[in-house]
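dropping the sequence and predicted coords here.
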Amino acid sequence: MTFEQIQQQTHHIADTKVLVSYDRFTTRFELKKGEEVIYSTRLLFLPIKNVNILINEQEFTLKIFWFILWKSTLVNNDNVVIKELLVHRRKKSIGLLSYCVLVSCIKVSLDFMV
């Protein structure tokens, strides 16, 4: 398991190839169509983002939740177009949460034994 500062994934949205990237150090989230940046933001202090974006003259809603569990979806007229934009990031956040819960349960059970 290697450390990746920037996590990326490509998707086909509205007949266009879109690159989704997230920088773990700066918390910068970007959507790019070729060299054109469709949307870019820093997620530093706002754990929930709902933004309307245009891709090939079609309006989509980008929903990002990153506080404890990572979740980023792309919605078009209340229909989910892409359930998870960064699957690798979602898996890592679920793994980290599971590890923290497991270690906390072990610590609490050891405290009760003593």
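Yes, it's here.

could you give the mean pLDDT of the helix or strand where Arg90 lies?
Using DSSP states H and E, Arg90 falls within helix 87-113. Helix 87-113 shows a mean pLDDT of 92.

residues of that helix that come out buried?
Residues of helix 87-113 classed as buried by neighbour count (16 or more other C-beta atoms under 10 Å): Arg89, Arg90, Lys92, Ser93. The way it works is simple: take the backbone N, C-alpha and C, and place the C-beta from them, glycine included.

biggest separation within those, which pair?
Pairwise distances across these peak at 7.4 Å for Arg90 and Lys92 (criterion: C-beta to C-beta).

overlap in contacts of those two?
Residues within reach of Arg90 and of Lys92 at once, by C-beta atoms under 8 Å, 6 or more residues apart in numbering, are Trp70.

skipping adjacent residues, who's closest to Lys63 in space?
Nearest in space to Lys63, with sequence neighbours left out and distances taken as C-beta to C-beta, 6 or more residues apart in numbering, is Thr73 at 4.9 Å.

and the one you found, its phi and psi?
With angles defined as degrees, to the nearest 10, Thr73 sits at phi -130, psi 160.

do Asn56 as well
Its backbone dihedrals place Asn56 at phi 50, psi 50, with angles given as degrees, to the nearest 10.

what count of nearby residues applies to Gln9?
Applying the criterion other C-beta atoms under 10 Å, we find 17 residues in the vicinity of Gln9.

name the next helix or strand following the helix or strand it falls within along the chain.
Assessed by DSSP H and E, Gln9 sits inside strand 6-13. Of the helices and strands lying after strand 6-13 in sequence (DSSP H and E), the nearest is strand 16-23.
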